[in-house]
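Enquirer: Take a look and give me a structure for this.
(one chain, ligands or ions: 1)
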Amino acid sequence: MLRKITDSIIYVGADDHELDLFEGQYAVPNGMAYNSYVILDDKTAVLDTIEQKKTAEWLANVEAALDGRPLDYLIVQHMEPDHSASIKSLIEKYPDVAVVGNKKTFQMIEQFFPGLAFAHTLVVADGEALELGRHTLTFLFAPMVHWPEVMMAYESSEKVLFSADAFGKFGALDRDEDWACEARRYYIGIVGKYGAQVQNVLKRVEALAIDIICPLHGPTLDSGLDDYFNLYDIWSGYQPETKGVCICYTSVYGNTEKAVRLLETELSKLGVEHIAVNDLARCDMAEAVEDAFRYDRLVLATTTYNSDIFPFMKQFIDHLTERNFQNRTLAFIENGSWAPAAMKKMQKYLAEAKALRILENNVTIKSALNEESTRQVLALAAELAAYTEQAHDAGGEDTAGGKANDNAGSDVSGSNGEDSAAENASPKGFVCNICGYVFEGDVLPDDFTCPLCGRGVADFSPVES
Ligand code: FEO
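Expert: Numbers count the residues shown, from 1 in each chain. Coordinates of the predicted model:
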């Protein structure tokens, strides 16, 4: 696909509709776009290569965009193979091109392409600029957004941010669909663990004058940019985006599902506007994870199974904790025919999650709903619904009467809900200046070394909150 972004910046990427799972796990029913850009000036540059099976199409696009001119620079923002797989093919076609990256970029190039030689290389530092003529690219390192070597590039003459994976989404460019839905599933799934690092880079790019964002996936963004920045701030700050209830469940014989459907009906009757229900055995797990991060309240419903919990629920909670799930209000529905233990197990698996508020009216079902467990479901519905109304009426005050997770970083019950939630979500600790790893804690031990890149305390800075 060849398309002008501006008179001198040309899109040369490709859509992929044959892909079943992006990164080996994410369903992409509307395909995927691998973006790449050519800049034409006194010097020419291409920003990032492309996934291997699109190499031929992409090389033809680059050639057409250059229109007979030589290629001076290959800028490598990200080494994940959906963007780097065609580096060798590009070098073979344009052997005199100078490859531009940082130290980590070139380490990874050697790992992915052992022995690949270049005629010219340019190793850049964070904040360093590359003049192409009228255009100037300034490189902004964005470690762990989403790999350690990632860097963005800001082009100042046309106010364009080449944002690497940030602001990308699932879906090919020839499909018209809502941006936020698939950008949220993409962000939470792929970058969700690295909220502190995203917050750090957001602070840097928000200080720039930006008219256009060119990500490595998804559409070019050229209007309403504040809305996109705001969503990224919410997501990376682990703040709920939408007031609503997400219910995620597993059900073996349908009895737990009956309780979930009763809860859904009651919540609807009580005026809860947004209710998302996910059967974890049958839904796209990434959609359920997205919903859990999107809404402010989460209900988990499952059975005791082999002295543990049903496998899909265990897997789901693992997806949440792996992505630093935090700062939400939770309730539980458990079902067991002789020794219900699912509630304790779910709480145990969530023990490391910060700032969870557990509601009072949880539900225990023994085999099937009866009078007592039905009463518990109705009480839970009332508490969940009231939580919303009271939070609104009190200007964000948490009056749920819930108790904070015993292992939470701080007890938020009785505090000003939304404001304190934002405070609790603020990153605390020390960030590795080399790779972006974040150490959480007030004191960084003198002998600490980064588990990602092995650097010592001299390379760490306090996380700005
Ligand atoms: Fe689009 Fe992190 O690769």
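Enquirer: Now do Gln77 against Asn335, distance only.
Expert: For Gln77, the distance to Asn335 equals 48 Å [Cβ to Cβ, to the nearest Å]. For every residue, glycine as well, the C-beta is placed using N, CA and C.
Enquirer: mind listing the helices for the stretch 351-465 of the chain?
Expert: Using DSSP state H, counting those that start in this stretch, the helices of the stretch 351-465 of the chain run over residues 371-393, 417-425.
Enquirer: Among those helices, show the one with the smallest mean pLDDT.
Expert: With a mean of 33, helix 417-425 has the lowest mean pLDDT of the helices of the stretch 351-465 of the chain.
Enquirer: got the contact list for Arg134?
Expert: Listed by Cβ atoms under 8 Å, 6 or more residues apart in numbering, the contact set of Arg134 reads 8, 41-42, 157.
Enquirer: Try it again at 7 Å.
Expert: Taking Cβ atoms under 7 Å, 6 or more residues apart in numbering, we find Arg134 in contact with 41, 157.
Enquirer: gap between it and Phe162?
Expert: 16 Å.
Enquirer: number of nearby residues for Ala119?
Expert: Neighbour count for Ala119, taken as other Cβ atoms under 10 Å: 11.
Enquirer: quick one: stretch 342-352 to chain centroid distance?
Expert: Relative to its parent chain, stretch 342-352 has a centroid offset of 24 Å by Cα atoms, centre = their mean, to the nearest Å.
Enquirer: what's the average pLDDT for that stretch?
Expert: Averaged across stretch 342-352, pLDDT comes to 97.
Enquirer: Now tell me what touches it from outside.
Expert: Stretch 342-352 has contacts (Cβ under 7 Å, 6+ apart) with 300, 302-304, 308-309, 314, 317, 321, 332, 334-336, 356, 362, 407.
Enquirer: ok, so of the residues you listed, who is nearest Leu71?
Expert: Closest approach between the contacts of stretch 342-352 and Leu71, by Cβ to Cβ: Thr321, at 45.0 Å.
Enquirer: which residues touch that closest one?
Expert: Thr321 sits in contact with 349-350, 352-353, where contact means Cβ under 7 Å, 6+ apart.
Enquirer: repeat for Ala27
Expert: 21, 284.
Enquirer: beta partners for it?
Expert: Assessed by DSSP bridges, Ala27 has beta-bridge partners Leu21.
Enquirer: distance of it from Asp20?
Expert: From Ala27 to Asp20 the distance is 8 Å (Cβ to Cβ).
Enquirer: Ok, Ala286 next?
Expert: Distance from Ala286 to Asp20, by Cβ to Cβ: 14 Å.
Enquirer: re the thing from before, mark which of the contacts of stretch 342-352 are buried, thanks.
Expert: Using 16 or more other Cβ atoms under 10 Å as the burial test, these include 300, 302-304, 309, 314, 317, 332, 334-336, 356, 362 as buried.
Enquirer: Turn the residues you listed into a markdown table, including distance to Ser36, secondary structure and pLDDT.
Expert: Shown next, in a markdown table, are those (distance: Cβ to Cβ, whole Å; DSSP: H, G, I helix; E, B strand; the rest coil; pLDDT from 0 to 100):
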| residue | distance to Ser36 | secondary structure | pLDDT |
| --- | --- | --- | --- |
| Leu300 | 42 | strand | 98 |
| Thr302 | 44 | strand | 98 |
| Thr303 | 48 | strand | 97 |
| Thr304 | 51 | strand | 96 |
| Ile309 | 44 | strand | 97 |
| Lys314 | 40 | helix | 98 |
| Ile317 | 38 | helix | 98 |
| Phe332 | 47 | strand | 98 |
| Glu334 | 50 | strand | 98 |
| Asn335 | 51 | strand | 98 |
| Gly336 | 54 | coil | 96 |
| Leu356 | 42 | coil | 96 |
| Asn362 | 51 | coil | 97 |
